[in-house]
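1. Structure of the sequence below:
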Amino acid sequence: MLEAIRRRRSIRKYAKEEVPEEDLREILLAAMYAPSAWGAKPWHFVVVTKPELKEKLSRATPYAAHAAHAPVVIVLVADMSLARRWVEDLSIAAAHIMLQAAELGYGTCFVQIRESENQGRDAEEYVRTLLGIPANYNVECMITLGKPAEKKEPHAEGYMEERVHLNRW
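-> Numbering: from 1, shown residues only. Okay, the predicted model is just below:
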């Protein structure tokens, strides 16, 4: 697990290679194993592969441009009738997606949607409207996914003793 964590880097350039359905299912299964408050599992995942939709998603925030060229964009959505701690629940699910993807040799990048905007337009409402997400569902983020077309070295930083406090600060 630590090796997958070290290898997981934010990738914004992807090879023009499709993600096989079995790999995508395994990545989403990892997300579904994430813990959630009170076991609510409020998540839904919108898997976007259509080029015209990815192009439009790339305009959701100033930091989403690379979504246009990713083979897959996964949008993480919370059912607010089930959610009690939806931000935390979906953030953990997103981490599971990124780590499982790294384990399978894929690159990912987390793109914040909640509380984001682009040119004065609310990013969450933009994505909700674009993808036909019902009003009682909140959009946390989207994750771009594909085989990396850029090389980034694994994280080199090690254990930081000065950041660990035993029993008290």
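2. Which strand residues bridge the spatially most central residue of the chain?
-> In the chain, the residue lying closest to the centroid (Cα atoms, centre = their mean) is Ile143, at 3.1 Å. When assigned by DSSP bridges, Ile143 has beta-bridge partners Ile74, Phe110.
3. just Tyr137 next, same as before
-> The partner residues for Tyr137, given DSSP bridges, come to Asp79.
4. Wait, it touches Asp79, no?
-> Yes - when contacts are counted by Cβ atoms under 8 Å, Tyr137 is listed as touching Asp79 (5.8 Å). Using the backbone N, CA and C atoms, a C-beta is placed for each residue, glycine as well.
5. which residues do these two both contact?
-> Both Tyr137 and Asp79 are contacted by His44, under the criterion Cβ atoms under 8 Å, 6 or more residues apart in numbering.
6. Isn't the residue nearest to the centre of the chain up against Gly107?
-> No - assessed by Cβ under 8 Å, Ile143 is found out of contact with Gly107, at 10.4 Å.
7. neighbouring contacts of stretch 30-41?
-> Under Cβ under 8 Å, 6+ apart, the answer for stretch 30-41 is 42-43, 45, 76, 82-85, 88-89, 92-97, 99-100.
8. Strands - which of the residues you listed land there?
-> Trp43, Phe45, Leu76 (DSSP state E).
9. now those residues in JSON lines, with distance to Arg168?
-> Output for the ones in strands among the contacts of stretch 30-41, formatted as JSON lines (distance: Cβ to Cβ, whole Å):
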{"residue": "Trp43", "distance to Arg168": "36"}
{"residue": "Phe45", "distance to Arg168": "41"}
{"residue": "Leu76", "distance to Arg168": "36"}
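10. Just among those residues, which is most surrounded?
-> Leu76 (25 neighbours; other Cβ atoms under 10 Å).
11. pretty sure that residue contacts Ile92?
-> No - counting by Cβ under 8 Å, Ile92 is not a contact partner of Leu76; they are 10.4 Å apart.
12. and Gln119, how far is that from Lys13?
-> Going from Gln119 to Lys13 by Cβ to Cβ, to the nearest Å gives 24 Å.
13. C-alpha coordinates for the longest helix seen in the chain, CSV please?
-> Longest among the helix segments of the chain by residue count, using DSSP state H, is helix 86-103. Extracted in CSV, the C-alpha atoms of helix 86-103 (Å, rounded to 0.1, in the frame of the first residue of the first chain):
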residue,chain,number,x,y,z
TRP,A,86,-21.0,13.9,2.6
VAL,A,87,-17.8,15.9,2.1
GLU,A,88,-15.8,13.5,4.2
ASP,A,89,-17.5,10.4,2.7
LEU,A,90,-16.8,11.4,-0.9
SER,A,91,-13.3,12.6,-0.1
ILE,A,92,-12.4,9.2,1.3
ALA,A,93,-14.0,7.5,-1.7
ALA,A,94,-12.0,9.8,-4.0
ALA,A,95,-8.8,8.8,-2.2
HIS,A,96,-9.7,5.1,-2.7
ILE,A,97,-10.2,5.8,-6.5
MET,A,98,-6.9,7.5,-6.8
LEU,A,99,-5.0,4.8,-4.9
GLN,A,100,-6.6,1.8,-6.7
ALA,A,101,-5.9,3.6,-10.0
ALA,A,102,-2.2,4.0,-9.0
GLU,A,103,-2.1,0.3,-8.1
